[in-house]
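Asks: sequence and predicted structure below; questions after.
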Amino acid sequence: MEDLSLHVMDVVENSITGGATVVVIEVEEDAASGVLAITIHDNGRGMDESESEKALDPFFTTKEGKRIGLGLPLLRQSSREAGGELEMVSKPGVGTLIRAEFRLDHPDLKPLGDMKGTVDLLRKFHPEVSFTLEWRI
């Protein structure tokens, strides 16, 4: 993926497939600590501990007709390449929270991309879902 907004789109599409009706995307840039964080929180069906572990495996997917699921593994790889890490917390019946952190000064940090345009596109194609984009810079 060329920029972080495309990662967000992919992860949010998974949220919608998982039954989410509310998705909150937070972009937080903390210059003092040198960290860019992107958090995606949804109210989808969530995952148990076993599913959560498998979700980070590129050879696991819950989508019928597919053999691989690269969304979360690629986001985790992008965060690690930029000196950060990905954290995921999910509970069945509650939803999922994904937080990817990136070092702002790392040479492999991908561009943020058009996050507002990405959310606008998601709103257009999924009017049944409530999307919120929060910036903390």
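Replies: Ah, there it is. Numbering: from 1, shown residues only.

Asks: can you verify residue 13 is assigned to a strand?
Replies: No - with DSSP: H, G, I helix; E, B strand; the rest coil as the criterion, residue 13 is assigned helix and is not in a strand.

Asks: output the contacting helices and strands for the helix or strand of the chain with the lowest mean pLDDT.
Replies: Lowest on mean pLDDT, DSSP states H and E among the helices and strands of the chain sits helix 49-55, with a mean of 84. Secondary-structure packing of helix 49-55 (3 or more Cβ pairs under 8 Å, 6 or more residues apart in numbering; DSSP states H and E): strand 86-91. C-beta here means a position set from N, CA and C on the backbone, and glycine is covered the same way.

Asks: report the distance from the strand it packs on to the chain centre.
Replies: The chain centroid and the centroid of strand 86-91 are separated by 10 Å, computed with Cα atoms, centre = their mean, to the nearest Å.

Asks: going forward, the N-terminal residue is numbered 584.
Replies: That works, and once the first residue is 584, the last one we named lands at strand 669-674.

Asks: residues in contact with it?
Replies: Here strand 669-674 makes contact (Cβ atoms under 8 Å, 6 or more residues apart in numbering) with 629-631, 634-635, 638-639, 655, 658-659, 662-663, 679-684.

Asks: so of those, which ones are in strands?
Replies: 679-684 (DSSP state E).

Asks: buried subset of those, written for PyMOL?
Replies: Buried members of the ones in strands among the contacts of strand 669-674, defined by 16 or more other Cβ atoms under 10 Å, are picked up in PyMOL with:
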select buried, resi 679+680+681+682+683+684
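
Asks: any chance of the ones in strands among the contacts of strand 669-674 in CSV, with distance to residue 624 too?
Replies: Compiled in CSV, the ones in strands among the contacts of strand 669-674 are given as follows (distance: Cβ to Cβ, whole Å):
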residue, distance to residue 624
679, 7
680, 5
681, 8
682, 9
683, 13
684, 15
